[in-house]
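Engineer: got a sequence here, can you model it:
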Amino acid sequence: MAMELDDRKVTILKAIIKTYLETGEPVGSRTISKFSDLKLSSATIRNEMSDLEELGFIMQPHTSAGRIPSDKGYRFYVDQIVLEKDSEVTEFKDMMVQKVDKLELVLKRMAQMLATNTNYAAMISGPSYHKTKLKFIQLSKMEEHKLLVVVVVEGNIIKNTMFDIGENVTDEELLNLNILLNSSLNGLTIEEINLDVISKLKVDAGVHRQVVELVLNEVAEAIRAGGEDLQIYTSGATNIFKYPELTEGERASQLIGTLEHQEVLQEFVAEVNSGTEGESGIQVYIGDETPVQSMKDCSVVTANYDLGGGLRGTVGIIGPKRMAYEKVLRTLQNLMSQLDVAFKKDER
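Structural biologist: Sure, this is the predicted structure:
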């Protein structure tokens, strides 16, 4: 299908469809000529629109001078979106692999440096995505009453789920749902998909509001999936033995066990982040304030580093309640500055 269209026709067809999606009104050549990147006369655009109509990508309703997309036009538009999104995700992944490979090395060294400088245990979480934006949704019919939903969010996180919708959806209705979901949700974070957005989506989906509800659940799950494989680097666990109050009974083995247990540390990082609501400042948890049971006899000082683009991680220092707080705070502040120089500044 794409072979039938040269670049100019593709650009004009996209402009027609985008304008029609926004206005719901037939689109004329004068409207299209106002697109800044076209630089074509109305006469040239009229000729191209005639060709697009002859090829079946647009049609002229009633006797109006404007055109609207045909099903074939919508199909081409959606297929183009899929290609563009695939390309974006691949480029983003390649860029982040280089950045994260370098970062992993730096984080391991940072954890060692923190433990050595403070004489406490240290942990640093690898980067994960916060306020992650939705990039693309694709609904596909696999068999009667069954849909496959593919959700792509920033960071190349892709979630595929099959679900039973208990109703039949025609190809045309599915196409309209894809356009509705992508035009309404693309570029939004989970925080921005609020009740107003959801309510409007359900109204626009009409009889297929149940499908929208199922898709929104999958979007939320995909965005939350960013932290599931969080890597956490630790160092200095044996420093715990330097403090008698942390080595009584089973305390030391429990604490060291916690520092070696990725899942517990992931939960700790999630708790810390949910409590700080994205703040990057330093937080101090003393005794019972600490989210992890085995750290109740400790003080934990944390800070979030920010690499830009929603890519963030958490640094933590774990020691006795009689911690040298001034030294720890100063050490963390220096670390934040070093990470900022090493990554955020040189990416600009």
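
Engineer: shouldn't Asp297 be in contact with Thr247?
Structural biologist: No. Under the criterion of CB atoms under 8 Å, Asp297 makes no contact with Thr247, lying 10.2 Å away. C-beta: built from backbone N, CA, C; applies to glycine.

Engineer: between these two, which is the more surrounded one?
Structural biologist: Of the pair Asp297 and Thr247, Asp297 is the one with more neighbours under other CB atoms under 10 Å, namely 17 against 14.

Engineer: all strands for the stretch 151-300 of the chain, in order.
Structural biologist: Ranges of strands in the stretch 151-300 of the chain, per DSSP state E, counting those that start in this stretch, are 157-164, 232-235, 283-286, 298-306.

Engineer: kindly reformat the ones you listed as TSV containing mean pLDDT.
Structural biologist: What follows is the strands of the stretch 151-300 of the chain, written out as TSV (pLDDT from 0 to 100):
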stretch	mean pLDDT
strand 157-164	74
strand 232-235	90
strand 283-286	89
strand 298-306	86
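
Engineer: and these: which comes nearest Gly24?
Structural biologist: Nearest to Gly24, of all the strands of the stretch 151-300 of the chain, is strand 157-164, at 29.9 Å by CB to CB.

Engineer: for the closest one, which strands pair with it and how are they oriented?
Structural biologist: Partner strands and pairing direction for strand 157-164 (DSSP bridges) are strand 146-153 (antiparallel).

Engineer: list the buried residues in the strand it pairs with.
Structural biologist: Neighbour counts over strand 146-153 (16 or more other CB atoms under 10 Å) mark 147, 149-153 as buried.

Engineer: residues of stretch 112-131 that come out buried?
Structural biologist: By neighbour count on 16+ other CB under 10 Å, the buried set for stretch 112-131 is 112-115, 117-118, 120-130.

Engineer: so where's the stretch 1-150 of the chain shaky on pLDDT?
Structural biologist: 1-4, 36-37, 64, 82, 84-103, 128-132 (pLDDT under 70).

Engineer: please enumerate the helices of it.
Structural biologist: Applying DSSP state H, counting those that start in this stretch to the stretch 1-150 of the chain gives helices spanning 7-23, 29-33, 42-54, 71-118.

Engineer: check which helices and strands the second one sits against.
Structural biologist: For helix 29-33, the elements it packs on are helix 7-23, helix 42-54, judged by 3 or more CB pairs under 8 Å, 6 or more residues apart in numbering; DSSP states H and E.

Engineer: alpha carbons only: can I get the longest one in CSV?
Structural biologist: Translated: helix 7-23. Output of helix 7-23 as CSV, limited to C-alpha atoms (Å, rounded to 0.1, in the frame of the first residue of the first chain):
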residue,chain,number,x,y,z
ASP,A,7,6.6,11.4,0.3
ARG,A,8,4.5,14.5,-0.7
LYS,A,9,1.3,12.5,-0.8
VAL,A,10,2.1,10.8,2.5
THR,A,11,2.7,14.2,4.1
ILE,A,12,-0.6,15.6,2.7
LEU,A,13,-2.6,12.5,3.7
LYS,A,14,-1.2,12.7,7.3
ALA,A,15,-2.1,16.4,7.4
ILE,A,16,-5.7,15.7,6.2
ILE,A,17,-6.2,12.9,8.8
LYS,A,18,-4.7,14.9,11.7
THR,A,19,-6.8,17.9,10.9
TYR,A,20,-9.9,15.8,10.5
LEU,A,21,-9.2,14.0,13.8
GLU,A,22,-9.0,17.4,15.6
THR,A,23,-11.9,19.1,13.9
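
Engineer: chain center to that helix, what's the gap?
Structural biologist: Here helix 7-23 shows a centroid-to-chain-centroid distance of 27 Å under the convention CA atoms, centre = their mean, to the nearest Å.

Engineer: could you name the helices and strands sitting against it?
Structural biologist: Judged by 3+ CB pairs under 8 Å, 6+ apart, the packing partners of helix 7-23 are helix 29-33, helix 42-54, strand 68-69, helix 71-118.

Engineer: could you identify which of the strands of the stretch 151-300 of the chain is most buried?
Structural biologist: Among the strands of the stretch 151-300 of the chain, strand 298-306 has the highest mean neighbour count (mean count of other CB atoms under 10 Å), at a mean of 23.
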